[in-house]
Every structure is written in C-alpha cells, then in structure tokens.
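*Asks:* I'll drop the sequence and a predicted model, then ask my questions.
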Amino acid sequence: MTNNIKITYKNIWKISGPIILALIAQNLLNVIDTIFLGRVGEVSLGAGAIGGLFYLAVVMLGIGFGTGTQILIGRRNGEKNYARIGHILDHSFYFLMVIAIFLFILIKFISPIILKSFLHSEAVFQGATEFIHYRSFGIFFAFINISLNSFYIGTAQTKVLTYSTSLMSAINIVLDYCLIFGNWGFPQMGIGGAALASTIAEFSAAVFLIARTYKYVDLKKYKLFGFIRFDYKLLMRMLKLAFPMMLQNFISFSAWFLFFMIIEKIGEHALAISNIARSIYMVLMIPIWGLSSATNTLVSNLIGQKRPYKVIPLIRKITLMSFLCTITLLQLIFFFPKFLLSFYTNDPILINDSIPTLYVISFALIMFSLTMIMFNGVSGSGNTRVSFSIEVITIASYVVMTYLLAVVFNLGVEKVWLVESFYFIMLGGLSFFYLKYGNWKETKI
C-alpha cells in the first residue's frame, strides 16, 4: 500500500475481495459441520451450536488481539515504517501463545462445569462436552493463524488468505465425511468427529501460512521472525490498543453463546432451528465481514498517511457496497428458503418451522450491512476504548431483551431472533454519532 492510494470502489474490492473469499472458505467449516450434523439429528445440531459458540467466544479473545495487531501494522505500513512490523508480529506471537495455554485449560477442563450449570437437556450437554473435548486443541493453531492473518491484512497482502482458508476448508470437508459417519475406514465419531476435523484443518492452515511466509515474504524488509528481544513497552502499547477489542469480541460472542443458552430453554427443536439459522446468517454476513476488515485496514492506513479527511468518504463507499451485496444475497432467502434449508436437514417439519426465522434474520442482515462498516471505522481509527464502550452498551441491552422475549414473555424462536436487528440499530446509531461528533482524527497508536 502506498501513500497515494486512491479510495475507489476498485481499490476497496482489491483489498476486501480476497478477505471475503478467505471468509467464505473459513465459514465453510461451520457450514459443513452443521450440514453433516443435521443428518445426525436435532440433538447433534443443538450441541454443535453450543460447543462451537463456546469455543468461538474464547477464540474471539485472540481475534480481538489480532485485530489490534492488524490496525497497528496497518498504521506502520501507511507510514512506510516496515522494519517495525516484524517486531509487532513477534510480540503478537509471544502474547497469543501464552494466553492460548490458559484458554486451553479453560476450554478443556472448566467448560463442562459451565455448560452443566446452564443446559437443561442432558443429551445436548453430553454432545457439547464431547465437541469441546476435541475442539480445545485447535486453540494453539487458531492463534498462529490469527497472528499471520493480521500481518497479511495489515500490509494489504490479502490474497494469501484465500489459499490458506481454502486448504483448511477442503481438509475439513473430507475429514467431516470420514470422521462423523465412519467412512473410508475411519472410526464413526459423530459430533466428536466434526470437532476433530476442524482442529486438524486449523493445524494444516497454520503449517501452510508459516511455510508460505518463509518462502515468499521479504523477511528482511519487515524483520519477520527475528524474536531477538522482548520489548515490554511495545507489548503494553499493543495491549492498550487491542485489549478493548479483545473484551469487545469476547463479550459479543459470549452474548451470542448466552443467546443460544436461552434458546435451549425453549427446547431442542428451537435450538436446532437456531443453529441452522445461525449457519445461514453467518454465510450471508461474509461480504460484510470482509468489507469491515478492509475498513479497519484502510482507515488505519489513511490516518497513518496523514489523510483523515478521506475516512468518512471511504466509509460511505464501503457502506454502499456492503448494502448492495447484502440485498443481492438476500434474494436466496426470499425466493429459495426451502432449498437453502434442505442442505441442512431433510426433516420437512424442521424446514417449515425454520422459514419464519430466516425472514427475521433477513432484516437483521440489512441493518448489519449499514452499521458494521461505521463501527469498524471507529475501531480502525485506533479508538478501541470507544468501540468497546459502544459494544458493551449494545450487548447489555441485547442480552436483557433476549431474556425478556424468550423467558419472561415466552415468545416463539423467530420472535426472539428480532433482538439481532435491535442490536445492530443501536450499534450503528452510537457509531454514527461518534464518527460525526467525536475527536478521532488525531488518535495516536
């Protein structure tokens, strides 16, 4: 990325396109797991959702640190201070590998105690515990991938993400087929096989990224993998930037985990509907996530290049792109809902009962497309404490409203999913207010 980068639709797509492709490949892990588990039964669908969300909520701590690393690398890249990038990445490895050890202990040994206190269904509890047992080992490989992804996105070399996540998805699909059902001579492991397949796939992606970086990246230019000396002040600077995002991501996905805990109280059928809806929801979110990640990088680079006046026009363009992508993809739900649902289950009752929830998430996706870019504009400017405050306010309201709709008023599952739209409307309103009136242009990181 150069100092004279043009904020055009073409250049935005050049950055975000490979990220979107990478996210498509990465989300295939969740989609394929859900599709295969849908053939096993409703309990496996629900347990996979609970176990997967618990794991994801914990991994979000690392993703939050990786996003902070990405913003910092983007700023140094915009300043052409390339040698500093390697030191930043080294310290990302230092921190994430240490925290991975503690999180592994949490996932493997403490999560069953947490789940037991929340879940009503013994069958769902047993399935979720089995899933987490195998999935816990993936935390180390996931954090390696997060660190290297932050380097590639922060330096706008996003094409490699397509390769790594495509490899990860391909391996996961093959192993899901083998390990869930016991095909090709492999043991029939059911839900545990889905978790083990994902863990092995993450390991494969980590090996690929490390090998690719050593072979093709100019290590001397960026001073990568030097690991010469530990710089306490640099790590503290990184944590000052990233810690609010770590908490923000953790709280956000913990709230979604709590959402599913509350849904489970409605019943196993409602939980199965919600897991299918979640899978479709996350796939249709992919273009928005990719454009949001590009927003982080581009905003950080623009401020590093002393061109903060370009930030608002950039956000306007990316928001329009996000909205148009979402409206286009939503035609699948509007015109082919049963076709989409048939990928996940062949149960006609489950298919028919899931359609109203799909329509509800359609409106949430429209709100998401309009608000998430603004929110990432806030965090990309380096004001991660502000973005954290916005997230805490909206998440607290989200959890309270979910509990009221599901438990107090005992409404149907599709009505409970209305809280997603409520969440994004609040998130967008607060982000817009800060970008319009806040002092974000002079943020130092």
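*Replies:* Noted; the coordinates are in hand.

*Asks:* what's the distance between residue 236 and residue 243?
*Replies:* Here residue 236 is placed at a distance of 10 Å from residue 243 (Cβ to Cβ, to the nearest Å). Where you see a C-beta, it was placed from the backbone N, CA and C, and this is true even at glycine.

*Asks:* higher neighbour count, the two?
*Replies:* Shown here are residue 236 and residue 243; by other Cβ atoms under 10 Å, residue 243 has more neighbours (18 against 12).

*Asks:* just list the residues touching the more buried one, thanks.
*Replies:* Shown in contact with residue 243 (Cβ atoms under 8 Å, 6 or more residues apart in numbering): 64, 65, 68, 384.

*Asks:* and which of these is nearest residue 363?
*Replies:* residue 64 (27.6 Å; Cβ to Cβ).

*Asks:* for residue 403, see how far away that closest one is.
*Replies:* Distance from residue 64 to residue 403, by Cβ to Cβ: 25 Å.

*Asks:* for burial, what's the neighbour tally of the residue lying closest to residue 50 once chain neighbours are set aside?
*Replies:* Once flanking residues are discounted, residue 50 sits nearest to residue 128: 4.2 Å by Cβ to Cβ, 6 or more residues apart in numbering. Residue 128 has 31 neighbours, counted by other Cβ under 10 Å.

*Asks:* for the one helix or strand residue 128 maps to, what is the average pLDDT?
*Replies:* Residue 128 is part of helix 122-135 when elements are defined by DSSP states H and E. Mean pLDDT, helix 122-135: 90.

*Asks:* show me which residues of that helix are buried.
*Replies:* By neighbour count on 16 or more other Cβ atoms under 10 Å, the buried set for helix 122-135 is 124, 125, 126, 127, 128, 129, 130, 131, 132, 133, 134, 135.

*Asks:* show me what contacts residue 367?
*Replies:* 420, 421, 424, 425, 428.

*Asks:* possible to save those residues as TSV with pLDDT, distance to residue 263 and neighbour count?
*Replies:* Listed next are the contacts of residue 367 as TSV, based on pLDDT from 0 to 100; distance: Cβ to Cβ, whole Å; neighbours: other Cβ atoms under 10 Å:
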residue	pLDDT	distance to residue 263	neighbour count
420	93	12	22
421	93	17	18
424	92	19	23
425	93	21	15
428	90	25	22
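
*Asks:* now intersect those residues with the helices, please.
*Replies:* Judged by DSSP state H, the contacts of residue 367 include 420, 421, 424, 425, 428 as members of helices.

*Asks:* show me what contacts the first one?
*Replies:* If you count contacts by Cβ under 8 Å, 6+ apart, residue 420 has them with 281, 360, 361, 364, 367, 368.

*Asks:* from those residues, which single one is nearest residue 158?
*Replies:* The closest of the contacts of residue 420, once distances to residue 158 are taken by Cβ to Cβ, is residue 368, at 21.5 Å.

*Asks:* could you tell me how many residues sit around the closest one?
*Replies:* 27.

*Asks:* which pLDDT value goes with residue 28?
*Replies:* Value for residue 28, per-residue pLDDT: 67.

*Asks:* likewise for residue 440?
*Replies:* With respect to pLDDT, residue 440 scores 68.

*Asks:* what does residue 5 give?
*Replies:* Residue 5 carries a pLDDT value of 57.

*Asks:* same check, this time on the one 10 residues further on
*Replies:* Note on residue 15: pLDDT of 73.

*Asks:* how much space separates it from residue 302?
*Replies:* The gap separating residue 15 from residue 302 is 12 Å, by Cβ to Cβ.

*Asks:* do residue 410 as well
*Replies:* Per Cβ to Cβ, residue 410 is found 49 Å from residue 302.

*Asks:* what about these two, which has more around it?
*Replies:* When residue 410 and residue 302 are compared for neighbours, residue 302 comes out ahead with 23 against 11, by other Cβ under 10 Å.

*Asks:* contact partners for the more buried one?
*Replies:* 7, 78, 308, 310, 311, 314.

*Asks:* recalculate using a threshold of 7 Å.
*Replies:* Contacts for residue 302 (Cβ atoms under 7 Å, 6 or more residues apart in numbering) come out as 308, 310, 311, 314.

*Asks:* likewise residue 179?
*Replies:* Applying Cβ under 7 Å, 6+ apart, one finds that residue 179 lies in contact with 186, 189, 193, 196, 197.

*Asks:* swap in residue 50?
*Replies:* Contacts of residue 50 (Cβ under 7 Å, 6+ apart): 115, 124, 128, 260.

*Asks:* how about residue 299: what's its closest non-neighbour residue?
*Replies:* Nearest residue to residue 299, sequence neighbours excluded (Cβ to Cβ, 6+ apart): residue 380, at 3.2 Å.

*Asks:* could you check how far the one you found is from residue 68?
*Replies:* For residue 380 relative to residue 68 (Cβ to Cβ), the value is 11 Å.

*Asks:* what's the answer for residue 97, then?
*Replies:* Residue 97 sits 16 Å away from residue 68, going by Cβ to Cβ.

*Asks:* who's more crowded, the two?
*Replies:* Neighbour comparison, residue 97 and residue 68: the larger count goes to residue 68, with 28 against 13 (by other Cβ under 10 Å).

*Asks:* which pLDDT value belongs to that one?
*Replies:* The predicted local confidence for residue 68 is 83.

*Asks:* residue 215: how many residues sit nearby?
*Replies:* Per other Cβ under 10 Å, the neighbour tally for residue 215 reads 7.

*Asks:* now the angle between helix 122-135 and the helix or strand where it lies, please.
*Replies:* For residue 215, the enclosing helix or strand under DSSP H and E is helix 191-216. Per axes from the mean of the first three to the mean of the last three Cα atoms, to 10 degrees, the angle that helix 191-216 makes with helix 122-135 is 30 degrees.

*Asks:* OK, contacts around the nearest residue to residue 430 once chain neighbours are set aside?
*Replies:* Of all residues not flanking residue 430 in the chain, residue 390 sits nearest, at 4.5 Å (Cβ to Cβ, 6+ apart). Residues counted as contacts of residue 390 (Cβ under 7 Å, 6+ apart) are 375, 378, 427, 430, 431.
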